[in-house]
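Q: My questions are about this predicted structure, shown below with the sequence.
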Amino acid sequence: MGLLLSIIIGFISSIFYAWLVYTLDRYEKEPKLLLGGVFFWGVFVAAGGAFIVNTLLGLGVYFFTGSEFATDLTTGSLIAPLVEESLKGLAVFIVFLIFRREFDSILDGIVYAGIVALGFAATENSFYIYTFGYQEGGIGGIMALTFIRTVLVGWQHPFYTAFIGIGFAVSRLNRDRVVQILAPVLGWTVAVMTHAFHNTMASFVQGIGGLVLGTFFDWTGWLLMFGVIVWAIWREQQWITHELKSEVTRGIITEAQYQTARSSVRRLMARYRGLGTGQYRSTYRFYQTCTELAYKKHHRVRLGETAAREELINSLRQKLIGLSPVALS
């Protein structure tokens, strides 16, 4: 019973947080199948792999030092950050490499990184809630660990891994070869360092004071990351406003559709009206395509014009022409 309850709490909280991350992407939602794939990568590959590697390397440290404190400190401050961020980051790298067309912006990088990290957290939180909650304190222990793991430090893994997503996004949006190579490395490095800082502080500063201090640093970092997300959403809205204006002149979209495309609130209202007229899906697809066109035009400016990019832009325009008559504004 305790194990089942721990798993339910661990996964429901992570799925809820994953939904919150999904809602951040206001203008172009990432494919649900791909997001589900990275979530379950976090659940099984990242969490399972990290458990095995962390355990084996931790045993190696204990074999050489004979010290539990040295083993716990080395595992928490060095091994776990390196292993866990690498395994979570690998999922982001796969999306970046294979599904490059879906990797359009800083926000996309944060979304993919956050979702895989929450999959990891689902497994890790279930383990912690059961092992250190239920087994040590019964139902009361479960409630205490649930509060700590899902509220006080609930965003820690998405926060760390978001830097990896940002690194890959910066690489995606630059034509400078040096930046393309160094940005993901720097993002991974910051993810490992912030993870290591949290774990090291938890090792040395314990009790209520440690919990308060750790919470202060964690939430400060999360607020700063939220500021980055707000900026990224604003930047995407600026791309849409700028790049779609010429599509009105071309006759691809109407002025009313343009005004709706550049407002997430008006998009939502248009889709809501579509529920009553049977035009929800076509309206959703139309504005999703508007955003994709704006992003690809922005990429053309930043990365240069290519035959493949121009062909994609033209195909998106043709798709909009077909959807325009059945899209609400």
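A: Looks like it arrived, so ask away.

Q: mind listing the helices in the stretch 151-300 of the chain by residue range?
A: All helices of the stretch 151-300 of the chain, identified by DSSP state H, counting those that start in this stretch, fall at 156-172, 177-204, 207-250, 255-261, 264-277, 280-303.

Q: got those as TSV, with mean pLDDT and mean neighbour count columns?
A: The C-beta positions use only the backbone N, C-alpha and C, and glycine is treated the same way. Output for the helices of the stretch 151-300 of the chain, formatted as TSV (pLDDT from 0 to 100; neighbours: other CB atoms under 10 Å):
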stretch	mean pLDDT	mean neighbour count
helix 156-172	98	27
helix 177-204	96	17
helix 207-250	93	15
helix 255-261	97	20
helix 264-277	94	15
helix 280-303	95	20
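
Q: Identify whichever of those helices lies nearest to residue 61.
A: Closest to residue 61 of the helices of the stretch 151-300 of the chain, according to CB to CB: helix 177-204, at 13.9 Å.

Q: tell me the angle of that closest one relative to helix 156-172?
A: With axes from the mean of the first three to the mean of the last three CA atoms, to 10 degrees applied, the angle from helix 177-204 to helix 156-172 works out at 170 degrees.

Q: so what secondary structure elements neighbour helix 177-204?
A: Secondary-structure packing of helix 177-204 (3 or more CB pairs under 8 Å, 6 or more residues apart in numbering; DSSP states H and E): helix 68-74, helix 80-98, helix 156-172, helix 207-250.

Q: check contacts around the residue nearest to residue 10 when sequence neighbours are not counted.
A: Once flanking residues are discounted, residue 10 sits nearest to residue 126: 3.2 Å by CB to CB, 6 or more residues apart in numbering. By CB atoms under 8 Å, 6 or more residues apart in numbering, the contact list for residue 126 reads 6-7, 9-11.

Q: coming back round to it: tabulate the helices of the stretch 151-300 of the chain (TSV), appending distance to residue 22.
A: What follows is these, written out as TSV (distance: least, CB to CB, whole Å):
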stretch	distance to residue 22
helix 156-172	12
helix 177-204	21
helix 207-250	13
helix 255-261	20
helix 264-277	14
helix 280-303	14
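
Q: Of all those helices, which one is nearest residue 28?
A: Among the helices of the stretch 151-300 of the chain, helix 280-303 sits nearest to residue 28 (CB to CB), with 4.0 Å.

Q: what about the residue nearest to residue 10, is that helix, strand or coil?
A: Taking DSSP: H, G, I helix; E, B strand; the rest coil as the rule, one finds residue 126 in the helix state.

Q: do you know how far it is from residue 3?
A: According to CB to CB, to the nearest Å, residue 126 and residue 3 sit 8 Å apart.
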